[in-house]
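Student: can you look at this prediction? I've put the sequence above it.
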2 protein chains.
Amino acid sequence: MNQYSVQIVEGGVTAAAGYLAAGVSAGIKYVGKKDVALLFSQTPATAAGMYTTNRVQAAPLQLTRRHIAAGHPVQAIVVNSGNANACTGPQGENDALAMAGRVAEKLGLKPENVLVASTGVIGQPMPMGKVLAGIDAAAAALSREGGIDAAEAIMTTDTELKQLALAVSTSAGRFVIGGMAKGSGMIHPNMATMLCFLTTDAAVPAEFLQQCLRQAVEATFNQISVDGDTSTNDMVVLLANGAAGVRIEPDSPQAAAFQDALEQICTVLAQKIARDGEGATHLIQARVQGAATLQDARRAARAIVSSNLFKAAVFGRDANWGRIICALGYSGAAFDPQRVDIYLGEVQVAANGCALAFDEERAAGVLAREQVDVIVDLKQGEYSALAWGCDLTYEYVKINGSYRT
Amino acid sequence: MNQYSVQIVEGGVTAAAGYLAAGVSAGIKYVGKKDVALLFSQTPATAAGMYTTNRVQAAPLQLTRRHIAAGHPVQAIVVNSGNANACTGPQGENDALAMAGRVAEKLGLKPENVLVASTGVIGQPMPMGKVLAGIDAAAAALSREGGIDAAEAIMTTDTELKQLALAVSTSAGRFVIGGMAKGSGMIHPNMATMLCFLTTDAAVPAEFLQQCLRQAVEATFNQISVDGDTSTNDMVVLLANGAAGVRIEPDSPQAAAFQDALEQICTVLAQKIARDGEGATHLIQARVQGAATLQDARRAARAIVSSNLFKAAVFGRDANWGRIICALGYSGAAFDPQRVDIYLGEVQVAANGCALAFDEERAAGVLAREQVDVIVDLKQGEYSALAWGCDLTYEYVKINGSYRT
C-alpha cells in the first residue's frame, strides 16, 4: 500500500531546498514594477519543459527548448516581463543568448546551464541595456526569500501573484515541489502568454521528469482557456535538483506521490490563471464524465470553457444549457446527443439531451457563485476530465480593445 | 473564349423564374414579427445542401438532408424562426415531419418533396398549432413578390434583411440565381444559426449542383466567423428548377458562368452575415496570399478573423499586428514566420515577420473604416483565400450575456 501525505507549505519556487531567487525592477515595464526574475539552483538540476504549439515561437523559448533537449543540467532560469522578444529576427536570438551568457557569467555557470523566458510586447527590440543591468541586480539579490519577488517580476496584467508549494512525505523521505505562474493577461501589443516555473528538491532522472511534467500539463495547463489564443512564448519548466535526498524512479511508490503533488500544484496554478483571465468575474470549471476516451473527455470539457457564447451567458447569469450542448457538438468528442445529461452545479438542466423544467432561480444562484461548475455526463464510457475558463465580460473587450493605444 | 456577363437584378429567392414565396407572422416569435417562410418552385427542382458539422443536429436539418440525399425532386422549403426544434427528441422529429406533411398537403406535393429548416430556441417543444396555422397562411400568400417577406421571416436577431439575385447572360441563354440568408444573431437560448436558401432557374443535374454548391460554400460561408460557435441548425440549400431553359453541364462554358455567379452571391451574403454579427461595428476581411496550399490559405485567413484578441483590437482601432501573426501561428497553416508580410489596408506593418516603423495614425485610419482589410503574404506558394469576420464589442457581450434572462 502506497501511503504518503501532501501538505501545503509557504512559498513558491524557493520552497524546495537548494533554490534561490530574486525579482528586480529594471525599467523594462513601468517605473517601479519588477520585471526581471532570476531563479538559481545551488546544484545542477535535471529539467523538463512543455512549450507552446504556436508555429511562431519567441527566441528565448527556442533557446530554452534547445538547452533542455540537449540534456544540459540546469542551474538558472532568467525571465523578463515587458518585452516578449518574439518576431525580433536574428537580433532577438542574439539577445536571448546574451541574457543566458550574462547570467552564466554572474553565477559562474556555462550559458547552456541557463534557461531564458520572456513575456510582453511582440515585435519590438529588447532594451538590452536595461535587461543586462537587471540581471546583474537580480544575481546580487538572490536569496531563499526571493521567490515571491520572482513571482511578482513575471507578472504582466495579472491582478494577483500566483505561487504554491507542497511538501510530500513518503516512506523514502520528504521532498518539496513549488511553483510560480503568470497569465493570462494580454500584453502590449499582444497576448496571452502563460509561464510557469516549478522546482523540486527530489532527484528525478531527466527523461522521467519530462514524462511526469507532460502528464501533469496535459491534465491542467492544457485544459484552460481564456480566449482561445495560444501565445508565442508559453512554457512550463520543471527543475529537480535532488537536494532533499529522495530519488524518484519510474513505477516506484514515490513516483505516484510525486505525480500526485505535481498535478495538484499545476491544477491550482492553472485555476489561478483561468480565474485571473482578463476582465473575468467567475472561474468556470467544466467536468465531463462518462466519455469513451480520455481525449474525448478533455476535448468536450475544453469546448465548454472555450465557448464565447457560454462564457457570455455566465457573465449574464443566464442558465443557457443549449450553448453547452452546442459546444459539445462541435468539440470533436464522440457521443450520442440523445444521452447527454447536463448540470449547473447541483441543478440538472437537461436529461438525455432534452430540456428539463428546472428551477431558473436555483440555476441563477449557481451562476452567481465565484466558481461556476458545469457537469456533463456523456454516458458513453469511463473517462472524465476537467477544464477551466472564465466568463467573457465588457472588461475583457475594454482591456483588449484599448490596450496598445 | 468563355464570355458571359453577370448583373445584379432585384429580389432574392423569387428573382429566378418559376419560384413563389411568402413570409407570415404566426406568433412563434413576437407578436407581429414574421416567423414562417415558404418557398415554392412551380416545377420540380434538383436540390443540393450543405450542413453544419456540429454533432448535435436539429430534427428539421436531419429531415432536409435525408430528402436531398435520397434524390427526391424538391418543390418547397418551409422555414420557421423563433424555435430551433433542436434537442427536442422524437417529438421534434415528428414535428419536422408534420411541417413537411402540411406543406405537401397544401401545395399538392408529397412530403419527400418538401425541405424543412428551423432557427431559434434550443430544447423547447415546437408550438405546432401556431406553426401549422402559419404554414396554411403562407401557402395562401405565395407570390412572385413574396421573396422579401420570406427573407424577413427567417431573420432572428439580424439587424438587416439579406438577399441578392444575379442574372447571368451566356451564349446558351440567360438564367438567374437568387438567395436569402440569415445570421449570425444568437437566439434564445442559443446560437449562431446561419441559414441560406438559393434558387436558380437554370437546369442543373443534382450531382453537379451539389458539387457547385460545395465549392461555393467552402470559399464563402465556411470562411466566416462571428464567434467560433457552430450551430445545430446551419444549412445552405440550392434549388435548380430549369425554368429558364438553360442547362448547366459540367465543364461547359455555362458551368463556369454559373459557378462564378453562385460564388458572387454566396460571397455577398456571407459578408452580410459577418457584418451583421452581434454587436459588430466593422466587417473584417482577411486575405491570405502566397500560401503553399489552398487549405493553408483558408485556415490562416479564418484564424485571423476568428481571433478574439484581434477582433477586440479592431474594435479599439489598435493596429495590433502581433495578434495577427500569433493567430497565423496557431492556425495550422504551414509557413515560415520569418517570411511573413502583413498589411492593414494599404499600410504595411510587418516585413519578414518583423516590425516596421509604420505610421500609427495612417494605420488607425484604416481601422476606422467600416470594412477593415488585413492582407498577409506568407511567401510560400501560389494559393490565396479570403475570410470574413467582425469586431468584438461590448455590445456582443451584452447581447449574449443577457439574452435569455
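Tutor: Ah, there it is.
Student: wait, isn't A:Val121 in contact with A:Asn85?
Tutor: No. Contact between A:Val121 and A:Asn85 fails when scored by Cβ atoms under 8 Å: they sit 9.0 Å apart. Placement of C-beta: from N, CA and C, glycine included.
Student: neighbour-wise, which of these two wins?
Tutor: A:Asn85 (32 against 26; other Cβ atoms under 10 Å in any protein chain shown).
Student: can you get me a residue count around A:Gly12?
Tutor: 27.
Student: so it sits against A:Glu152, correct?
Tutor: No. Between A:Gly12 and A:Glu152 no contact is recorded; they are 10.5 Å apart, counting by Cβ under 8 Å.
Student: averaged pLDDT, the helix ranked longest in chain A. What do you get?
Tutor: Assignment by DSSP state H gives helix A:253-275 as the longest helix of chain A. What helix A:253-275 shows for mean pLDDT is 92.
Student: and if you look at stretch A:7-17?
Tutor: Mean per-residue pLDDT for stretch A:7-17: 96.
Student: quote the end-to-end distance of that stretch.
Tutor: 16 Å (Cα to Cα, to the nearest Å).
Student: same deal with stretch A:275-290?
Tutor: 26 Å.
Student: could I get the buried residue list for it?
Tutor: In terms of neighbour count (16 or more other Cβ atoms under 10 Å in any protein chain shown), stretch A:275-290 has its buried residues at A:275-280, A:282-290.
Student: find the closest residue to chain B in the stretch 201-350 of chain A.
Tutor: A:Gly316 (2.9 Å; Cβ to the nearest Cβ).
Student: neighbours around that residue, how many?
Tutor: 22.
Student: do you know the pLDDT at it?
Tutor: As predicted, A:Gly316 sits at a pLDDT of 85.
Student: run through the stretch 201-350 of chain A and note the low-pLDDT ranges.
Tutor: Where the stretch 201-350 of chain A drops to pLDDT under 70, the residues are A:226-230.
Student: would you tell me which residues of it are close to chain B?
Tutor: Neighbours of chain B within the stretch 201-350 of chain A, by Cβ under 8 Å from any Cβ of the partner chain: A:227-232, A:306-309, A:312-313, A:315-323, A:325-330, A:333-335, A:337-338, A:350.
Student: any of those buried? List them.
Tutor: Buried by 16+ other Cβ under 10 Å: A:227-232, A:306-309, A:312-313, A:315-323, A:325-330, A:333-335, A:337, A:350, out of these.
Student: mind checking what secondary structure A:Gly242 has?
Tutor: coil (DSSP: H, G, I helix; E, B strand; the rest coil).
Student: contacting residues for it?
Tutor: By Cβ atoms under 8 Å, 6 or more residues apart in numbering or on different chains, the residues touching A:Gly242 are A:43, A:45, A:201-204.
Student: which parts of the stretch 301-405 of chain A are helices?
Tutor: Counting by DSSP state H, counting those that start in this stretch, residue ranges of the helices within the stretch 301-405 of chain A are A:308-315, A:321-330, A:360-367, A:394-401.
Student: A:Leu109: which of the ones you listed is closest?
Tutor: Proximity to A:Leu109 (Cβ to Cβ) singles out helix A:394-401 among the helices of the stretch 301-405 of chain A, at 38.8 Å.
Student: that closest one packs against which elements?
Tutor: Under the contact criterion of 3 or more Cβ pairs under 8 Å, 6 or more residues apart in numbering or on different chains; DSSP states H and E, helix A:394-401 touches helix B:308-315, helix B:394-401.
Student: tell me the angle it makes with helix B:308-315.
Tutor: Counting by axes from the mean of the first three to the mean of the last three Cα atoms, to 10 degrees, helix A:394-401 lies at 80 degrees to helix B:308-315.
Student: distance from helix A:394-401 to the middle of the chain?
Tutor: 22 Å (Cα atoms, centre = their mean, to the nearest Å).
Student: quick one: mean pLDDT for that helix?
Tutor: 73.
Student: just the residues contacting it, thanks.
Tutor: Outside of helix A:394-401, the residues within contact range by Cβ under 8 Å, 6+ apart are A:157, A:186, A:227, A:277-280, B:308-309, B:312-313, B:315-316, B:318, B:392-394, B:396-398.
Student: quick one: which helix or strand includes A:Gly120?
Tutor: strand A:114-121 (DSSP states H and E).
Student: off-centre distance for that strand?
Tutor: A distance of 15 Å separates the centroid of the chain from that of strand A:114-121, by Cα atoms, centre = their mean.
Student: tell me which residues of the helix or strand just after it are tucked away?
Tutor: Next helix or strand after strand A:114-121 toward the C-terminus (DSSP H and E): helix A:128-141. Using 16+ other Cβ under 10 Å as the test for burial, helix A:128-141 gives A:128, A:130-139, A:141.
Student: that older thread, filter the contacts of A:Gly242 to the buried ones?
Tutor: Buried among the contacts of A:Gly242 by 16+ other Cβ under 10 Å: A:45, A:201-204.
Student: which members of those residues occur in strands, if any?
Tutor: Per DSSP state E, strands hold the following members of the buried ones among the contacts of A:Gly242: A:Ala45.
Student: ok so, going back, for the helices and strands packed on helix A:394-401, give me a markdown table that also has distance to A:Ile28.
Tutor: Formatted as a markdown table, the helices and strands packed on helix A:394-401 follow (distance: least, Cβ to Cβ, whole Å):
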| stretch | distance to A:Ile28 |
| --- | --- |
| helix B:308-315 | 22 |
| helix B:394-401 | 32 |
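Student: identify whichever of those lies nearest to A:Cys212.
Tutor: helix B:308-315 (32.2 Å).
Student: which residue of chain A lies farthest from its centroid?
Tutor: Relative to the centre of chain A, the most outlying C-alpha is that of A:Ala357, 38.9 Å out, by Cα atoms, centre = their mean.
Student: for that one, give its distance to B:Gly32.
Tutor: Distance of A:Ala357 to B:Gly32, computed by Cβ to Cβ, to the nearest Å: 29 Å.
Student: for A:Glu346, same thing?
Tutor: In this view, A:Glu346 and B:Gly32 are 41 Å apart by Cβ to Cβ.
Student: and A:Thr220, by the same measure?
Tutor: 52 Å.
Student: more neighbours, those two?
Tutor: The neighbour count for A:Thr220 versus B:Gly32, taken as other Cβ under 10 Å, is higher for A:Thr220 (25 against 8).
Student: how about the more buried one, what does it touch?
Tutor: Contact partners of A:Thr220, counting by Cβ under 8 Å, 6+ apart, are A:263, A:266-267, A:269-270.
Student: farthest pair within these?
Tutor: A:Glu263 and A:Leu269 (10.7 Å).
Student: so between the two, which is more surrounded?
Tutor: A:Leu269 (26 against 18).
Student: where does pLDDT dip in the stretch 51-200 of chain A?
Tutor: Low-confidence segments of the stretch 51-200 of chain A, defined by pLDDT under 70: A:185-192.
Student: for it, what spans make up the helices?
Tutor: Going by DSSP H, counting those that start in this stretch, the stretch 51-200 of chain A shows helices at A:59-69, A:89-107, A:128-141, A:147-153.
Student: mind checking if the longest one is in reach of chain B?
Tutor: In other words, helix A:89-107. Yes. Shown here: helix A:89-107 in contact with chain B (Cβ under 8 Å from any Cβ) through A:Gly89.
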